[in-house]
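> Sequence below, structure please.
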Amino acid sequence: MAHADHVYSSAAGNAAAASSPVVASWRRCMVMHHLAPEDDRRPVRLTETQFLRARQASERLIAEATDELDRLFSTVGRSGCCLLLTDRNGVALERRGAAGDDKAFHDLGLWTSSVWTEASIGTNGIGTALADERAVSIFRDQHFFSSNIRLSCTTAPIRDHRGELAAALDISTCREDVNETVLSIISQTVRDAALRIELNLFRSAFPGARFLMVPQAAHNAAALIAVDRNDMVIGATRAARIALKLDDIRIAAGIPAADALDENAADGARDLVEAERAALTRALSRANGNVSQAAIALGMSRATLHRKMKRFGLH
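Prediction:
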């Protein structure tokens, strides 16, 4: 009862809830979800039909995450950790775990078809990461329910190609020798893996597009824009949207990549000149410098191509 008493007393104070994300989550669990920390509870489980429907709705997510899950498990799997990939509703779609640890994790509900939202199982890595839309680590007695205080977990959200919350990636462990320092190291590993899955989702959403990194973004590895053959922006990751002040409306209205990146573009006439120079350069490169072949590819005479090459200094 000591843990439950601590949860009750902490969540009762407005100041604590305002300053601590964990206490704020405890309060949500009691006020919004009507949960009691002393209850011995396991997460809600979907029926087989519900679970199959959830997996079907997340087919692309699972496909783009599978290799990353396998890679991550090869790194941490022997250290008594369990991996879960959930959808945006906290449904565990994919799991990785060592056979020797299966019983402990299954008893806790860290299994496919379980629902790891705050409403289902109180404060936990997955549910709180989804509620706050940020990476979180929940260390032992930071969990809401007394029955989960042996568990430590760290979770990172995953966003789709429009920057919307799509999933969560979690590593959980019951090892007693795990401390908060070790958990913070694991947390960085989870965030890195989640970002790679996020970028996989982004690239797969725009087949045939070119992808440009936004140099002025704080975390430019996560800030990509997708550009079509006309150099128009057709998509942007959440980090790129924040850095470039982009949204779906602005992207749909049409914005050249140079304008989005605030490059010092010239006037329309200069743009046409540069586009023609680029087209000639590409054609000559593809023809390995053979002017006749390049002229045929461009649909012009050899003499015309020579004149243009002279004009642009491409000889």
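> List the contacts of the closest residue to residue 195 other than its chain neighbours.
Excluding the flanking residues, the one nearest residue 195 by CB to CB, 6 or more residues apart in numbering is residue 222, at 5.6 Å. Using the backbone N, CA and C atoms, a C-beta is placed for each residue, glycine as well. Residues in contact with residue 222, defined by CB atoms under 8 Å, 6 or more residues apart in numbering, are 195, 198, 199, 237, 238, 239, 240.
> for the stretch 151-300 of the chain, which spans come out with low pLDDT?
218-219, 264-271 (pLDDT under 70).
> Could I get the full set of strands for it?
Along the stretch 151-300 of the chain, the segments classed as strands by DSSP state E, counting those that start in this stretch run 152-159, 165-173, 210-213, 224-227, 233-236.
> I'd like those laid out as a markdown table, including mean neighbour count and distance to residue 293.
Below are the strands of the stretch 151-300 of the chain laid out as a markdown table (neighbours: other CB atoms under 10 Å; distance: least, CB to CB, whole Å):
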| stretch | mean neighbour count | distance to residue 293 |
| --- | --- | --- |
| strand 152-159 | 26 | 45 |
| strand 165-173 | 25 | 46 |
| strand 210-213 | 14 | 25 |
| strand 224-227 | 24 | 28 |
| strand 233-236 | 24 | 32 |
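> Tell me which of these lies nearest to residue 130.
Taking CB to CB, strand 165-173 is the member of the strands of the stretch 151-300 of the chain nearest to residue 130, at 5.6 Å.
> which residues does residue 196 contact?
Neighbour list for residue 196: residue 68 [criterion: CB under 8 Å, 6+ apart].
> before we move on, back to that, of the strands of the stretch 151-300 of the chain, which is nearest residue 32?
Using CB to CB, the strands of the stretch 151-300 of the chain put strand 165-173 closest to residue 32, at 18.1 Å.
> and the top helix by length along the chain with strand 152-159, angle?
When the chain is parsed with DSSP state H, its longest helix is helix 180-205. Helix 180-205 and strand 152-159 meet at an angle of 20 degrees, taking axes from the mean of the first three to the mean of the last three CA atoms, to 10 degrees as the criterion.
> Check which residues of helix 180-205 are buried.
By neighbour count with 16 or more other CB atoms under 10 Å, helix 180-205 contains the buried residues 183, 186-187, 190-191, 193-203, 205.
> Would you mind giving the orientation angle of that helix with respect to strand 165-173?
150 degrees.
> Please state the offset of helix 180-205 from the chain centre?
Relative to its parent chain, helix 180-205 has a centroid offset of 7 Å by CA atoms, centre = their mean, to the nearest Å.
> cool, stretch 33-53 as well?
Per CA atoms, centre = their mean, the centroid offset for stretch 33-53 relative to its chain is 25 Å.
> How about stretch 206-221?
So, by CA atoms, centre = their mean, the centroid of stretch 206-221 is 14 Å from its chain's centroid.
> what sits up against that stretch?
So stretch 206-221 is in contact with 161, 195, 202-203, 223-228, 234-235, 239-240, 242-244, 257, 261-262, going by CB under 8 Å, 6+ apart.
> Only alpha carbons, please: show the helix or strand where residue 303 lies as CSV.
Assigned by DSSP states H and E, residue 303 belongs to helix 302-312. What follows is helix 302-312, C-alpha atoms only, in CSV (Å, rounded to 0.1, in the frame of the first residue of the first chain):
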residue,chain,number,x,y,z
ARG,A,302,23.7,18.1,-82.9
ALA,A,303,24.3,21.7,-84.1
THR,A,304,21.7,23.1,-81.7
LEU,A,305,23.1,21.2,-78.8
HIS,A,306,26.6,22.5,-79.6
ARG,A,307,25.3,26.1,-79.6
LYS,A,308,23.6,25.6,-76.3
MET,A,309,26.7,24.0,-74.8
LYS,A,310,28.8,27.0,-76.0
ARG,A,311,26.2,29.4,-74.5
PHE,A,312,26.4,27.6,-71.1
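> Hmm, residue 201 and residue 161 touching each other?
Yes: assessed by CB atoms under 8 Å, residue 161 is found in contact with residue 201 at 5.9 Å.
> one step back: which among the strands of the stretch 151-300 of the chain is found nearest to residue 109?
Set against residue 109 and scored by CB to CB, those come closest in strand 165-173, at 10.4 Å.
> Great, nothing more from me.
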